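1. Give me a 3D structure for the following:
(one chain, ligands or ions: 1)
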Amino acid sequence: MKERLEQIKAEAIRQINESEALDKLNDVRVSFLGKKGELTAVLKGMKDVAPEDRPKVGQLVNEARAEIERVLDEAKSNMEKKLREARMKAEVIDVTLPAQKNRVGHRHPNTIALEEVERIFIGMGYEVVEGPEVEKDYYNFEALNIPADHPAKDEQDTFYINSDILLRTQTSGVQVHEMERGKLPIRMIAPGRVFRADEVDATHSPSFHQIEGLVIDKNITFADLKGTLAEFAKELFGEETKVKFRPHHFPFTEPSAEMDVSCFKCGGSGCRFCKGEGWIEILGCGMVHPKVLKMCNIDPEEYTGFAFGVGLERIALLKYEIDDMRLLYENDIRFLKQF
Ligand code: DAH
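-> Numbering: from 1, shown residues only. Next up, the predicted model:
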């Protein structure tokens, strides 16, 4: 019996020494020490051993098991150490290499301008709302009192999905959505992307952004419009900024106007920036047309309101003195990181 145990031990150690991988070692452990392993088989054969010899044999088996376990553990930790060393060698870190600079992104000039506009209007108690970019003809044109034969509805100017659905050409449709919700009074701005079938050049893009504004309440007059937009211009372009309203025509407002701001470069005396005018056109606005109110189930005898629409890119270009709109879309890091 003792011999048999010695043999088992020797064979186990031989196999351990031959093992080249951790899973091989585990195979050896199973085949010698496992439930169906060779040492266990010896213990199971104990019934054939004379009762007085059993303690002695038991002890020998335990010694053999302990020895095999010790050699196994040693082999395992040697093997792990070697693997670790190999791994460390493979991934040497050269601490003398220059560190890689962490490039942190920052906001796009459009976003900076938008957040500035939002800040100003939120400060005056306005809500910021959103509307759909894919829009029904009804919201983009019809409900805004734009007649079916209006030139803006031409396929040359508007991207149509089908005869009824299009990519919105203006954020003004959000006015209609808001009024239809039926919650009055309204004091909102609605920034968002708009689309027009334009060729790309320094001042045009098939996709750009507008910020729509709408106020509906009792007793709202053109004086409210003027006061609000004059305040907006001052906050955006500086305390000295003056505003000027020129009569204009929009189908959804009556009366309508375009607002100019005094040139914030020359203060109004005329310079290259304002092309010698002293004034810079900034937005369209007007008193919401009674027809539009009616179509949105608001009684024009009881409620009035004003609306305005401003181009976001126009503000970004003016504020940061960028002379080509394309720069805003090219996403050239060297350009963008200046703002
Ligand atoms: N939607 C107009 C445009 O795209 C801008 C505009 C003008 C919006 C007057 C308004 C407004 O709300 O009252 O040119």
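2. Give me the three-state assignment for the closest residue to Lys319 other than its chain neighbours.
-> Distances taken as C-beta to C-beta, 6 or more residues apart in numbering place Ala113 nearest to Lys319, at 5.9 Å, with adjacent residues excluded. All C-beta spots, glycine's among them, are computed from the backbone N, C-alpha and C. The local conformation at Ala113, judged by DSSP: H, G, I helix; E, B strand; the rest coil, is helix.
3. check contacts around Tyr139.
-> Taking C-beta atoms under 8 Å, 6 or more residues apart in numbering, we find Tyr139 in contact with Gly131, Arg168, Gly173, Val176, His177.
4. The second one reaches Phe141, doesn't it?
-> Looking back up the chat, that one is Arg168. No. Using C-beta atoms under 8 Å, Arg168 is not in contact with Phe141, being 9.8 Å away.
5. hmm, back to that, pLDDT value on the residue nearest to Lys319, please?
-> If you check Ala113, the pLDDT there is 97.
6. now Met271: how far from Lys244?
-> To be clear, residue 271 is Cys; Met isn't right here. Distance, Cys271 to Lys244, by C-beta to C-beta, to the nearest Å: 17 Å.
7. Scan the contacts of Tyr139 and report the most crowded one.
-> Counting neighbours by other C-beta atoms under 10 Å, Gly173 comes out on top of the contacts of Tyr139 with 27 neighbours.
8. Thought Ser172 was touching Gly131, still the case?
-> No. Applying C-beta under 8 Å as the test, Gly131 and Ser172 come out as separate, 9.4 Å apart.
9. Counting residues, which helix of the chain comes out longest?
-> helix 54-90 (DSSP state H).
10. Show the secondary-structure elements that that helix is packed against.
-> If you count contacts as 3 or more C-beta pairs under 8 Å, 6 or more residues apart in numbering; DSSP states H and E, helix 54-90 packs onto helix 2-18, helix 22-33, helix 38-44.
11. average pLDDT for the longest one?
-> In other words, helix 2-18. Mean predicted lDDT for helix 2-18 stands at 86.
12. how about it as CSV, C-alpha atoms only?
-> The C-alpha trace of helix 2-18 is given here as CSV (Å, rounded to 0.1, in the frame of the first residue of the first chain):
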residue,chain,number,x,y,z
LYS,A,2,2.8,2.3,0.9
GLU,A,3,4.4,1.6,-2.4
ARG,A,4,1.2,2.3,-4.3
LEU,A,5,0.9,5.6,-2.5
GLU,A,6,4.5,6.5,-3.4
GLN,A,7,3.8,5.7,-7.0
ILE,A,8,0.7,7.8,-7.1
LYS,A,9,2.5,10.7,-5.5
ALA,A,10,5.5,10.4,-7.9
GLU,A,11,3.2,10.3,-10.9
ALA,A,12,1.2,13.3,-9.6
ILE,A,13,4.4,15.4,-9.1
ARG,A,14,5.7,14.3,-12.6
GLN,A,15,2.4,15.5,-14.2
ILE,A,16,2.5,18.7,-12.2
ASN,A,17,6.0,19.5,-13.4
GLU,A,18,5.0,18.8,-16.9
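13. need the contact list for the closest residue to Phe32 other than its chain neighbours.
-> Spatial nearest neighbour of Phe32, chain neighbours left out: Ala12 (4.6 Å); criterion: C-beta to C-beta, 6+ apart. Residues near Ala12 by C-beta under 8 Å, 6+ apart: Val28, Phe32, Glu38, Ile68, Val71.
14. ok, so of the residues you listed, who is nearest Glu254?
-> The closest of those to Glu254 turns out to be Val28 (C-beta to C-beta; 94.1 Å).
15. Surely the closest one is in contact with Asp73?
-> No. Using C-beta under 8 Å, Val28 is not in contact with Asp73; the gap is 12.0 Å.
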